[in-house]
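# predicted model follows, preceded by the sequence.
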Amino acid sequence: MLAVGSSMWLLAACGSTGPAQQGEPVNVGLDTIASESADTGGPTLPDGGEADGATSMSDQVAQQVRDLDAMMAGAAMNTDGSAAPVTPTQPSSDQSTGMADAGAASEPPPEPAAERVEQQGTGMGIGLGDLMDEGGSDARVEALADQIEQLVATRVATSNSPMRDALALIAADLLRPGGPKGDAAIDQQTLDALAPSERQTLEALRSSLREVAGAPPESMAGALQGAAEKLQQALGVRIGRVELCSRVDKFGSFVPFRGHEFLARGANAALVYVEVERFSHRALTSSDRPTTPGDRWAVDLSQELRLYHKADGRLAWRGPTERIVDTSRNRRRDFYLVTKIDLPSALTVGSYELQVTITDETTGTVDQFAVSIGIVADPSLVTARP
């Protein structure tokens, strides 16, 4: 292509003997160029002298025409030797006006995209072509995982989101053909950059992913479920819902009040329904009292209820702290608490906040949930009823 392109530039320069008159077509055909050169004896230099070289310019142009015709004829052959149709090449705008620079060098053809990608590589010393090579590809992927971990680990100290970088390290560890290498994937510097809760979450996630990666296909679902449970427990206990009710039958089955406005100086009773999420299990100990024979697991929680006056933050009422140890044969999926409260009749008119605090005694994690309560003097404003 380079030789063909150079010939076309030269022909365009020689085919124009002067500026074209308006309306007069510019003829740059190969036959015209050859005939004009033969009739005039070849182009002359600006001072009227002959062109340098033993061969005349007309002979050179004629030879280039013959070479170009031979090259085009060779390119017009199919792979089986049969002739292929030739589409005439349209001259460029510079060629048609005769303004091309005969001495300008043509640009080299662009490299194929695939070759450029392979030569460029990943920027870390490993080309994509190397990774696709069947021979030793596992070792190259292993080396790539090492380099990714090194790059991410160097930015943890200054990162605005070290937890995201730590998760990226775990993901890079999963690239290894032999499976995650474990604790060595995350160094102490990365762990020090995380909050305690993030560190616990990361440890649980890393342990869970190792189990999932090593699980056979038939037990993959169970491994994923176990991993999800470990991750939830690492995140800590969470209060999913709190309702003031007149009746509770079971988990998710209750009759809530229409509102939370109670009558001042009255007997105000309510059932506090609390749904607990991300609670942990522990094995039974000798001090536990199993609910039924054969129980193996225990959910160990404590609950505290406090009522604060919103205007000044004053503690207006508090209930006793309750410890709940519930045992079962299998791990529980749902957990709820029901507590009957009697609000003091001496509460003054105003806005209050009932704060529910749940502590997971197994993990030490704590969560709180606040419910707004109003004390009104007008009986028609009372909504704390079914």
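The structure has been received and is ready for your questions.

# export the helix or strand hosting Ala139 to PDB, keeping only CA atoms.
Per DSSP states H and E, Ala139 falls inside helix 137-154. Output of helix 137-154 as PDB, limited to C-alpha atoms (Å, rounded to 0.1, in the frame of the first residue of the first chain):
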ATOM      1  CA  SER A 137      -1.500 -18.600  31.300                       C
ATOM      2  CA  ASP A 138      -2.200 -19.500  35.000                       C
ATOM      3  CA  ALA A 139       1.100 -18.200  36.100                       C
ATOM      4  CA  ARG A 140       0.500 -14.900  34.200                       C
ATOM      5  CA  VAL A 141      -2.900 -14.500  35.700                       C
ATOM      6  CA  GLU A 142      -1.400 -15.100  39.100                       C
ATOM      7  CA  ALA A 143       1.200 -12.500  38.500                       C
ATOM      8  CA  LEU A 144      -1.400 -10.000  37.300                       C
ATOM      9  CA  ALA A 145      -3.400 -10.600  40.500                       C
ATOM     10  CA  ASP A 146      -0.300  -9.900  42.500                       C
ATOM     11  CA  GLN A 147       0.300  -6.600  40.700                       C
ATOM     12  CA  ILE A 148      -3.300  -5.500  41.100                       C
ATOM     13  CA  GLU A 149      -3.100  -6.100  44.800                       C
ATOM     14  CA  GLN A 150       0.100  -4.200  45.100                       C
ATOM     15  CA  LEU A 151      -1.300  -1.200  43.200                       C
ATOM     16  CA  VAL A 152      -4.500  -1.000  45.200                       C
ATOM     17  CA  ALA A 153      -2.700  -1.600  48.500                       C
ATOM     18  CA  THR A 154      -0.400   1.400  47.900                       C
END
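
# okay, strands next: where are they in the stretch 101-250 of the chain?
238-250 (DSSP state E, counting those that start in this stretch).

# low-confidence ranges, it, go.
101-136, 156-157, 178-187, 189, 213 (pLDDT under 70).

# can you measure across stretch 285-295, start residue to end residue?
From its first residue to its last, stretch 285-295 covers 11 Å (Cα to Cα, to the nearest Å).

# buried ones in that stretch?
Across stretch 285-295, burial judged by 16 or more other Cβ atoms under 10 Å covers Asp295. (Each C-beta comes from the backbone N, C-alpha and C, glycine too.)

# now tell me what touches that stretch from outside.
Stretch 285-295 is touched from outside by Leu284, Ala298, Val325, Asp326, Thr327, Ser328, Arg329, with contacts defined as Cβ atoms under 8 Å, 6 or more residues apart in numbering.

# ok, Ala227 touching Ser208?
Yes. At 3.2 Å, Ala227 and Ser208 qualify as touching, with contact defined as Cβ atoms under 8 Å.

# Pro239 against Ile358, yeah?
One thing to correct before we go on: residue 239 is Ile, not Pro. Yes. The criterion here is Cβ under 8 Å, and Ile239 meets it with Ile358 at 5.5 Å.

# need the residues touching each of those two.
Val274, Val276, Asp367, Gln368, Phe369.

# can you give me phi and psi for the fourth one?
Read it as Gln368. phi -130, psi 150 (degrees, to the nearest 10).

# wait, what's in contact with it?
Ile239, Gln355, Val356, Thr357, Ile358.

# would you agree the fourth one falls within a helix?
No. Assessed with DSSP: H, G, I helix; E, B strand; the rest coil, Thr357 is strand; it does not lie in a helix.

# excluding its backbone neighbours, what's nearest it?
Distances taken as Cβ to Cβ, 6 or more residues apart in numbering put Glu304 closest to Thr357, at 4.5 Å, once the chain neighbours are dropped.

# how far away is that neighbour from Glu322?
8 Å (Cβ to Cβ, to the nearest Å).

# out of the two, which sits in the more crowded spot?
Using other Cβ atoms under 10 Å as the criterion, Glu304 and Glu322 rank with Glu304 on top: 16 against 12.
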